[in-house]
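Visitor: coords please:
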Amino acid sequence: MSECNSTSKIRVWIAFTLLFFLILPIYSNTFHASWQFDDKPNIVNNSRLHIEDLMPATLWKTFFAKPGTGEKLYRPLPCLTFAINWYFGEDDTTGYHVINIIIHALNALFLYITILNLFSTPNLKKKYQELDPHFISLLSAALWAINPIQTQAVTYIVQRMASMAVMFYLLGIYFYLKGRLSDKRYQQVLFSTACLISYICALGSKENAAMLPLSLVLIEIIFFGTPGLPKIKRKVLWVVLASLVVILFVYLGALFIMKNDAVLLMLHSSKTRPFSIFERLITEPKIVLYYLTQIFYPVPNRLSIAHDVAVSTSLIKPWTTLPSILMVFCLIGIGFSQIRKRPFFSFGILFFFLNHIVESSIIPLDLIFEHRNYLPSLFLFFPVSVGINRLLKFYAVKKNSMYSIIIVFVTLLLIGLGWSTYIRNMAWATEKTLWIDAMTKAPGSERPLSNLAVELAWGDNVTPDRYEKALQLFEKSLFLYKTQNYYAANTIGNMASIYYFKHEYQKAVELYKKALEIDPEFVKVRYDLIKPLVLMGKWEEASKNADIVLLRGSVRHEYYNIKGFILLWQERPEKALPYFRKALSLSPNNSNVLLSTGVALSLMGKHKNAEWFMQRAAQNSPNDIMVLFSQIENSLRAGDVSGAEKYTERLFALFSLKSIKTKLKTISKNYHSVPVSKELIAPIIKKKLMEMSKEIQ
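Guide: Numbers count the residues shown, from 1 in each chain. Sure thing, here's the model as predicted:
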């Protein structure tokens with residue numbers, strides 16, 4: 001027995017080695033692929049993941065890192081891994097891609113051992129002894145792992161959430177099978193506990209893992225159930241009851257995690273989409289069938305981060321709606337009808353549709369994303385591999401040339417899939433390459449044009465010409481299909497931001513207000529509106545908008561800081577200070593907030609406290625001339641002339657005379673930074689300059 005176990009372990013290690021060295025080359029061109037799309041709000045701009053130590057308390061906080069909100073529990077396990085990646089490499093994408101590829105390779109291994117264990121179930125072990133379980137399991141895992149459609153779940157960094165959910169999902173199935181196949185009580189308890197823990201971890205990675213209990217019921221029916229119509233009927237009833245339990249579980253979990261009404265939240269989210277819940281429900285069958293064509297005909301030019309989709313407004317508009325719905329029901333019906341005769345085929349089909357329920361039914365998400373197939377496609381190649389194995393055995397006995405042809409075909413298939421995946425990964429190299437690729441494949445979609453325009457306007461080496469091209473793309477995108485109703489407001493807001501950076505503040509204000517007419521609740525646009533209002537000296541209007549941002553927006557240090565900043569320029573430092581304190585509690589090391597706090601304290605006569613904050617600001621931003629101006633002013637207000645002279649000496653040591661003069665000329669209306677009194681600091685600067693001139697003479 002031990003010798004048999006040893007042989008089995010060796011086979012597993014050989015399988016993992018083969019899978020890893022099959023996956024590695026085809027993803028070798030992704031190590032330096034850039035941040036994309038949702039990577040930025042979830043990781044790059046998510047300060048809660050930018051940890052500086054690995055202490056338990058610090059790691060625990062990463063569990064509550066939902067972007068754009070206060071501290072809410074959000075897919076804690078992937079967020080933890082992102083934070084650890086950040087600790088070791090910050091925004092260098094290499095480490096993130098390495099971990100994603102390792103997780104993908106592990107998923108291929110877990111798929112291999114899961115299918116291998118399915119062959120030990122009663123309904124396969126007795127009937128299909130002529131099959132080669134290791135060959136089928138390995139080929140199934142390989143065909144799944146190197147399929148080009150998986151690139152979106154592997155190369156797209158933030159979709160580690162999807163791949164980690166699959167990792168724990170597969171472990172849950174594996175542990176269930178081990179416990180179910182064991183005849184020892186303690187092993188049954190042990191593996192059942194491991195299955196439950198895996199399920200919790202899967203849910204803690206991404207919510208679509210909620211379907212695991214139903215997948216286990218499906219496994220029980222297909223691989224453990226005794227064939228027979230009466231029992232099948234009873235087990236179908238179990239499936240329905242289990243569905244209700246799972247839906248209740250997910251709903252209660254949503255209530256607990258979001259501390260909100262999940263149904264109302266879903267209905268509210270549907271209002272932001274250009275389709276109703278019903279329209280989404282009848283549109284998704286077309287998309288799910290399209291996914292199947294992508295999986296089995298996965299050439300790179302059919303894969304994209306954006307797709308043109310005709311939303312179904314009724315069962316006959318467009319005409320493909322009803323046939324697609326009927327086709328889906330037909331495939332599901334075939335899946336149920338083949339439970340007894342072809343369990344491999346039945347399980348692959350039913351598992352696919354079952355695990356599309358969460359993201360491809362009524363929840364108002366974007367209509368289409370390829371990474372949603374990472375979980376449902378797990379067992380689609382199981383029946384394919386069984387068929388190939390049967391053909392090989394059949395022609396091996398006959399010693400027919402077809403045996404060699406099939407071997408060559410499978411080899412070329414693996415090479416072709418690997419090469420297509422490698423080619424598809426090239427599109428993920430940069431933001432520009434990704435969105436240019438999407439623009440050619442989805443010409444009717446707004447998203448590629450808008451994101452390409454964002455890259456042009458806010459990427460590296462921005463020029464006036466790039467600003468103009470970005471404006472043209474934004475204008476064109478306004479007339480295309482949008483996946484969110486607020487995207488028109490977002491596009492106009494982005495156009496306004498370009499004018500803001502071009503210093504055309506009046507034009508920027510006009511466009512920001514136009515965007516807010518479309519979506520008055522768009523907090524980011526309203527926050528951006530405040531900036532040109534401040535630079536134009538329109539303090540009251542800026543202050544009113546800041547109040548609205550604080551009332552409607554999420555808890556962000558920028559929102560509190562800008563309100564305090566306005567009050568500071570309105571000569572109300574005592575009113576400004578509480579806002580700065582709140583901003584500091586959210587971002588303790590932010591130089592702008594530290595300096596603003598110091599200036600407010602200085603104007604209130606608390607010069608020692610002001611000095612402490614200004615010194616911290618100077619440590620974080622040693623090349624900020626306004627920090628030194630503020631330190632000089634604070635020393636003079638405190639009557640510390642020698643301190644003011646010390647800071648003035650440092651001023652001349654760090655900055656040229658030309659830059660000092662230029663800054664002094666505009667300081668009275670330099671609304672980009674904190675208020676500083678030119679009348680107070682100019683005399684001591686001039687005095688120090690004269691002393692330096694005499695020393696030179």
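
Visitor: quick one: Lys688 is in a helix?
Guide: Yes: counting by DSSP: H, G, I helix; E, B strand; the rest coil, Lys688 is located in a helix.

Visitor: pLDDT value on it, please?
Guide: At Lys688, the pLDDT value in this model is 81.

Visitor: which ones are touching it?
Guide: Lys688 sits next to 645, 648-649, 652 when contact means CB atoms under 8 Å, 6 or more residues apart in numbering. (C-beta placed from N, C-alpha, C; glycine too.)

Visitor: out of these, give me the one that has the most neighbours.
Guide: Comparing the contacts of Lys688 by number of neighbours (other CB atoms under 10 Å), Thr648 comes first, having 25 neighbours.

Visitor: wait, is it part of a strand?
Guide: No: if the criterion is three-state DSSP, then Thr648 is helix and not within a strand.

Visitor: now pLDDT and distance to Val534 too, for the contacts of Lys688, in a markdown table please.
Guide: Shown next, in a markdown table, are these (pLDDT from 0 to 100; distance: CB to CB, whole Å):
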| residue | pLDDT | distance to Val534 |
| --- | --- | --- |
| Glu645 | 92 | 33 |
| Thr648 | 93 | 29 |
| Glu649 | 91 | 32 |
| Phe652 | 90 | 30 |
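
Visitor: around the residue lying closest to Leu106 once chain neighbours are set aside, count how many other residues there are.
Guide: With CB to CB, 6 or more residues apart in numbering as the criterion, Leu106 has its nearest non-adjacent residue at 6.0 Å, and that residue is Met167. Counted with other CB under 10 Å, residues neighbouring Met167 total 22.

Visitor: got the contact list for Met167?
Guide: Neighbours of Met167 in contact, by CB under 8 Å, 6+ apart: 103, 106-107, 110, 202, 205.

Visitor: pLDDT, secondary structure and distance to Ile548 for these - can I get that in TSV?
Guide: Shown next, in TSV, are the contacts of Met167 (pLDDT from 0 to 100; DSSP: H, G, I helix; E, B strand; the rest coil; distance: CB to CB, whole Å):
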residue	pLDDT	secondary structure	distance to Ile548
Ile103	98	helix	43
Leu106	97	helix	48
Asn107	98	helix	46
Phe110	97	helix	50
Ala202	97	helix	40
Ser205	96	coil	36
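
Visitor: what about Phe369, distance to Ser360?
Guide: 10 Å (CB to CB, to the nearest Å).

Visitor: any idea of the mean pLDDT for the strand or helix carrying the residue nearest to Leu106?
Guide: Using DSSP states H and E, Met167 sits within helix 160-181. Averaging pLDDT along helix 160-181 gives 97.

Visitor: got it, and stretch 352-370?
Guide: Mean pLDDT, stretch 352-370: 93.

Visitor: over to stretch 453-468?
Guide: Mean predicted lDDT for stretch 453-468 stands at 89.

Visitor: could you do stretch 324-332 as well?
Guide: Computed over stretch 324-332, the average pLDDT equals 95.

Visitor: got the contacts of Met167 as CSV, with distance to Lys665 columns?
Guide: CSV is the format used below for the contacts of Met167 (distance: CB to CB, whole Å):
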residue, distance to Lys665
Ile103, 57
Leu106, 62
Asn107, 62
Phe110, 67
Ala202, 62
Ser205, 56
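
Visitor: format those as a markdown table; extra columns: distance to Pro343 and neighbour count.
Guide: Converted to a markdown table, the contacts of Met167 look like this (distance: CB to CB, whole Å; neighbours: other CB atoms under 10 Å):
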| residue | distance to Pro343 | neighbour count |
| --- | --- | --- |
| Ile103 | 29 | 20 |
| Leu106 | 26 | 19 |
| Asn107 | 23 | 29 |
| Phe110 | 20 | 21 |
| Ala202 | 24 | 26 |
| Ser205 | 29 | 25 |
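
Visitor: tell me the one among those residues nearest to Thr421.
Guide: Of all the contacts of Met167, Asn107 has the smallest distance to Thr421: 14.9 Å, by CB to CB.

Visitor: show me what contacts the closest one?
Guide: For Asn107, the contacting residues are 145, 163, 166-167, 170, by CB under 8 Å, 6+ apart.

Visitor: same check on Met692?
Guide: Here Met692 is in contact with Phe652 (CB under 8 Å, 6+ apart).

Visitor: okay, it and Lys663: tell me how far apart.
Guide: In terms of CB to CB, Met692 sits 18 Å off from Lys663.

Visitor: could you do Asn590 as well?
Guide: To Lys663, Asn590 is 22 Å away according to CB to CB.

Visitor: more neighbours, these two?
Guide: Asn590 (20 against 17).

Visitor: show the pLDDT at that one.
Guide: 93.

Visitor: how about Leu267?
Guide: On pLDDT, Leu267 comes in at 45.

Visitor: Thr320 contacts Lys286, doesn't it?
Guide: Yes: with contact defined as CB atoms under 8 Å, Thr320 and Lys286 form a contacting pair (5.8 Å).

Visitor: neighbour-wise, which of the two wins?
Guide: Lys286 (23 against 15).

Visitor: check contacts around the residue nearest to the more buried one when sequence neighbours are not counted.
Guide: Spatial nearest neighbour of Lys286, excluding adjacent residues (CB to CB, 6+ apart): Ser324 at 4.3 Å. By CB under 8 Å, 6+ apart, the residues touching Ser324 are 285-286, 289.

Visitor: so Ser324: helix, strand or coil?
Guide: Taking three-state DSSP, the label given to Ser324 is helix.

Visitor: low-confidence ranges in this protein?
Guide: Applying pLDDT under 70 to the chain flags the ranges 1-7, 68-70, 226-271, 693-697.

Visitor: could you redo the last one with a cut-off of 80?
Guide: Residue ranges of the chain with pLDDT under 80: 1-8, 68-71, 126, 226-272, 399-400, 485-486, 553-554, 668, 691-697.

Visitor: residues contacting stretch 307-322, please?
Guide: Residues contacting stretch 307-322 (CB under 8 Å, 6+ apart): 274-275, 279-280, 282-283, 285-287, 290, 325, 367-368, 441-445, 481.

Visitor: off-centre distance for that stretch?
Guide: 28 Å (CA atoms, centre = their mean, to the nearest Å).

Visitor: which SSE is Trp60 in?
Guide: Using DSSP H and E, Trp60 sits in helix 56-61.

Visitor: what does that helix contact?
Guide: Helix 56-61 is contacted by residues 48, 51-52, 71, 80, 83-84 when judged by CB under 8 Å, 6+ apart.

Visitor: just give me the neighbour total for Pro343.
Guide: 24.

Visitor: one more: the one 10 residues further on?
Guide: Neighbour count of Phe353, defined by other CB under 10 Å: 17.

Visitor: just the buried positions in whichever strand or helix holds Ala438, please.
Guide: Using DSSP H and E, the element containing Ala438 is helix 431-441. Buried positions in helix 431-441, judged by neighbour count with 16 or more other CB atoms under 10 Å: 431, 434-435, 437-439, 441.
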